[in-house]
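> fold the following and give me the result.
(2 chains)
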Amino acid sequence: MSAETTDIQKTGRSLKEITSDLLNPIRSKKSSVSLWTMLLVFIIIIGVYAYIYQTMTGLGVTAMRDYTSWGMYIGHFVFLVAVSLVGSLVTAILKLLEIKWAAPITRIAEIIAVAAVALAAITIVLDMGRPDRVLNIFLHGRIQSPIVWDVTVVNMYLLISVILLYLPMIPDIAIMRDTLTDRPKWQRKMYKVLALNWRGTDEQWRLLKRSIRIMLIVIMPVAFAIHTVTSWLFAVNSRAGWDSTIFGPYFVAGAFMVGAAAVIAAMYIFWATKPAYKKYITSKHFDMMGRLLVLTGLVYLYFNVNEYLVPGFKMQKLDGQHLMDLFVGHEAPLFWATQIGGLILPVFLLCFKKFRKPLPIFIISIFVIFFAWTKRLLIVIPTLLTPTFPIQNVPESWHHYIPTYYEIAITSMTVALVLLIITWFTKYFPIIPIWEMAKENGHDNPHEKVVLDDIEKD
Amino acid sequence: MIKKLRIMIGTNKKNILALTFIFSSLLVLASTQFPPWDVPVEANDLENPITVDKKNLDAGKAFFDLSCKACHGATGLGDGAVPSGDFTTKAFTGQTDGAIFWKIQQGRGLMPSFKAVQETSLWQAITYIRTLAAPQEIVAMKNATIVIEFDESNSKKLITAKVYETLENGEQAPAKEVKVNFFIKRYFADMLIGGSNNYTDDNGSVSISFPEGVPGKEGKLQVMAKLDDSGFNPAGLTEEVAWGVEKAAYWNDDRQLWKNNDFVPLWLLISFFGVIGGILIAILYVLLQVVKIRKLGVGR
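Down below sits the predicted model:
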């Protein structure tokens, strides 16, 4: 080890320690499929079977009927889009504001974003009775239709998210290319291709930092667009509960809240399962993310008050019917559980420091995520059951919407796929950025290539 | 239960995984099994008050086409949009008219209740439904051919359909008093023209006046005449005629939100492609930087 690196050690951890800590999960020789992965794969297999059956039989196997033509799938789609927005919140906003503590969790946020938005796109196709016609939206779609805008922006966001996940990872991949020489051939080849001849020269750094910055700026309007356009799918219809001018910001605020909760939950799982990570993800991160969750929660609460109080004050015929259904009617238990358990209580509890400790905040985040999901169902379904003309002369079951096992199996499959993508990712890539940790510990003096010097000397 | 499960497995085509298979088979069973449908005695003994004649069969068919066909299928095999009862099975035909009448009125599961419908219509529908199981026993179904003629004189457009029934000896004779519906083909459901109450005269022909101002590509319209009679097998004919107009009277060439892609409002066109273009340019620029990064590392 050279004299420089020992100097650096005084200010923080050595490069060797950082790389070994963060690459440890990838180095691990355990190649056996974990119980966790098997569980996910099992859920996916059931989901795939249910989907094949649904495609062969038709959407009649779902509980969607004339009135509830958008059910669990579309609610789930909105939820996944909401979760994916975290990529822009944690990565772009916090990074551009140069908020240093967020550095170790940016990649967690980005991989959640990529996995969630990819599955959001797939969920739309799962809701189609004729998935073979999906290309028609590109071939014959009308530009005037918000559905075309939505499909466009979802794909755009997926593309940008993948780029923004990849770019900051290039220096790390280069480290893996140079150090993980005992890996299988295909894996080494993958690192070699993805590392793009990265040598950490000044010029390479300059180009990379500029590219990252451009993408950080580009992703923000696209992130706002993806969820605003998703909200327009509802808000452009003059129907009770959807006919709202604040639906765009209402959705974006809710998305930031559930996104923050998703990062906390993922952060906790990495924190709890990999002891080496505890040096990088600390109680400070949980504390700060907790504060962020309170902030986003308060903004969302504010929009909720607007969204329910204003029409509730007027109680126009259909709006009134819809709101009474939510407040005291058929949907009331779920509605109040969602509003209290998923919004008011978390915001209140997280105001206290002791609830921002890792385990309590993890549990609170799980509640926030679950109720964020039910909230999306409450946005989509009760409105459909409050049509302009009364529901008449239809079977009793069409008056309600209770998802079938097929819908549950297929929806669970998409959740399992999100988790599997994240799990797979952590097997091959460091979930905490190595070079950013190195930089935090003073290793960017004068250039990041010391990282490589150090490793080559080992 | 096990027997049913075997049947399920036997009828399904592809076994992917035995486990998931049993799992979903159970789901299917759970969602489609109904207990026996017991009909009250007095309802069971109710007699069909109407007589089996052409008028009632036609009315029954009209009702069937409107309210039953979508689910139970055109020939009543239960093969429509939703899995439903098969009208040709012994289990179905073995019931009294009264039992069927009671069940239609009650409804169950996805089968709606028809209590709001006039009773006569239901009895007529039942009479027609009976013909689906054994058409020949109740009314001998005959075959027919249709010819369409277009006649434009004195600025009046007339469309005439001539129906010829095929006799037992193979010869053709004009079919009298049979119902013919006329349509113009369009996207989705075809457009009914001339009302739904057109019967052939003694010469087997029926005429309607053709509506003015129907838009079609280069004024061309696909006109259909369909035999819709309970005594005949379905028959129809489609002919093209240039009696339409290129553009409907209400049409203008303004760009509008509700029109197709050829008439997108300019502001929308510019915003949509402007945003996409801007983002794609940014992405392209970044990709070029990435290529540069790659080149910079070559040979080092």
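
> so residue A:371 is in contact with residue A:342, correct?
Yes: using CB atoms under 8 Å, residue A:371 is in contact with residue A:342, at 2.4 Å. Placement of C-beta: from N, CA and C, glycine included.

> more neighbours, these two?
The neighbour count for residue A:371 versus residue A:342, taken as other CB atoms under 10 Å in any protein chain shown, is higher for residue A:342 (26 against 23).

> tell me the secondary structure at the more buried one.
Under DSSP: H, G, I helix; E, B strand; the rest coil, residue A:342 falls in the helix class.

> likewise for residue B:158?
Per three-state DSSP, residue B:158 ends up strand.

> could you find the closest non-adjacent residue to it?
Residue nearest to residue B:158 in three dimensions, not counting chain neighbours: residue B:151, with 4.5 Å by CB to CB, 6 or more residues apart in numbering or on different chains.

> what packs against the helix or strand that contains that neighbour?
Element membership for residue B:151, per DSSP states H and E: strand B:144-153. Applying 3 or more CB pairs under 8 Å, 6 or more residues apart in numbering or on different chains; DSSP states H and E, one finds that strand B:144-153 contacts strand B:156-166, strand B:221-227, strand B:235-241.

> tell me the buried residues in stretch B:289-300?
B:289-290, B:292-294, B:296-297 (16 or more other CB atoms under 10 Å in any protein chain shown).

> ok, back up a step: do you know which of the helices and strands packed on strand B:144-153 lies nearest residue A:86?
Nearest to residue A:86, of all those, is strand B:221-227, at 53.6 Å by CB to CB.

> longest helix anywhere in chain A?
helix A:202-235 (DSSP state H).

> does chain B sit close to it?
Yes: interface with chain B: helix A:202-235 contributes A:203-204, A:207-208, A:210-211, A:214-215, A:218, A:222, A:225 (CB under 8 Å from any CB of the partner chain).

> for residue A:435, state which of those residues is nearest.
residue A:208 (10.2 Å).

> number of residues surrounding that closest one?
Close neighbours of residue A:208, defined as other CB under 10 Å, add up to 23.

> and what of residue A:42?
Neighbour count of residue A:42, defined by other CB under 10 Å: 14.

> who does the strand or helix carrying it touch, helix- and strand-wise?
Here residue A:42, judged by DSSP H and E, is contained in helix A:35-57. Identification of packing neighbours for helix A:35-57 by 3+ CB pairs under 8 Å, 6+ apart yields helix A:405-428, helix B:18-32.

> show me which residues of that helix are buried.
Here helix A:35-57 shows A:40, A:43-51, A:53-55 as buried, counting by 16+ other CB under 10 Å.

> tell me the confidence at the closest residue to residue A:70 other than its chain neighbours?
Counting by CB to CB, 6+ apart, residue A:380 is the residue found nearest to residue A:70 once chain neighbours are left out, at 5.3 Å. In this model, residue A:380 is scored at 95, pLDDT.

> what does residue B:283 give?
Looking at residue B:283, its pLDDT is 96.

> hang on, isn't it packed against residue A:158?
No: in this structure residue B:283 lies outside contact range of residue A:158 using CB under 8 Å: 11.9 Å.

> which of these two has more residues huddled nearby?
Between residue B:283 and residue A:158, residue A:158 has the larger neighbour count (other CB under 10 Å), namely 20 against 17.

> does that one touch residue A:110 like I think?
No: using CB under 8 Å, residue A:158 is not in contact with residue A:110; the gap is 12.0 Å.

> show me the contacts for residue A:296.
By CB atoms under 8 Å, 6 or more residues apart in numbering or on different chains, the contact list for residue A:296 reads A:89, A:253, A:256-257, A:259-260.

> all strands of chain B, in order?
B:144-153, B:156-166, B:172-174, B:180-184, B:191-193, B:205-209, B:221-227, B:235-241 (DSSP state E).

> of all the ones you listed, which one is nearest residue A:292?
Each of the strands of chain B was scored for nearness to residue A:292 using CB to CB, and the closest is strand B:191-193 (58.5 Å).

> quick one: distance of the closest one to the chain centre.
Computed by CA atoms, centre = their mean, to the nearest Å, the chain-centroid distance of strand B:191-193 equals 14 Å.

> quick revisit: which one among the residues of helix A:202-235 next to chain B gets closest to residue A:389?
Distances from residue A:389 to the residues of helix A:202-235 next to chain B, taken by CB to CB, are shortest for residue A:225, at 33.8 Å.

> could you list every residue that touches that closest one?
Neighbour list for residue A:225: A:153, A:157, B:275 [criterion: CB under 8 Å, 6+ apart].

> counting neighbours, which of those residues comes out on top?
Counting neighbours by other CB under 10 Å, residue A:157 leads those with 27 neighbours.

> which residue comes closest to it once chain neighbours are left out?
Nearest non-adjacent residue to residue A:157 (CB to CB, 6+ apart): residue A:226, at 4.6 Å.

> and if you look at residue B:100?
Nearest non-adjacent residue to residue B:100, counting by CB to CB, 6+ apart: residue B:126, 5.2 Å away.

> neighbours of residue B:184, how many?
By other CB under 10 Å, the residues close to residue B:184 number 19.

> next, count neighbours for the closest residue to it other than its chain neighbours.
Spatial nearest neighbour of residue B:184, excluding adjacent residues (CB to CB, 6+ apart): residue B:191 at 4.5 Å. For residue B:191, the neighbour count with other CB under 10 Å is 14.

> quick one: low-confidence parts of the stretch 151-300 of chain B?
Scanning the stretch 151-300 of chain B for pLDDT under 70 picks out the ranges B:300.

> rewinding a little: confidence-wise, which of the helices and strands packed on helix A:35-57 is weakest overall?
Among the helices and strands packed on helix A:35-57, helix B:18-32 has the lowest mean pLDDT, at a mean of 52.

> before we move on, the earlier item: ok, the residue nearest to residue B:158 - contacts?
The neighbours of residue B:151, taking CB under 8 Å, 6+ apart as the test, are B:157-160.
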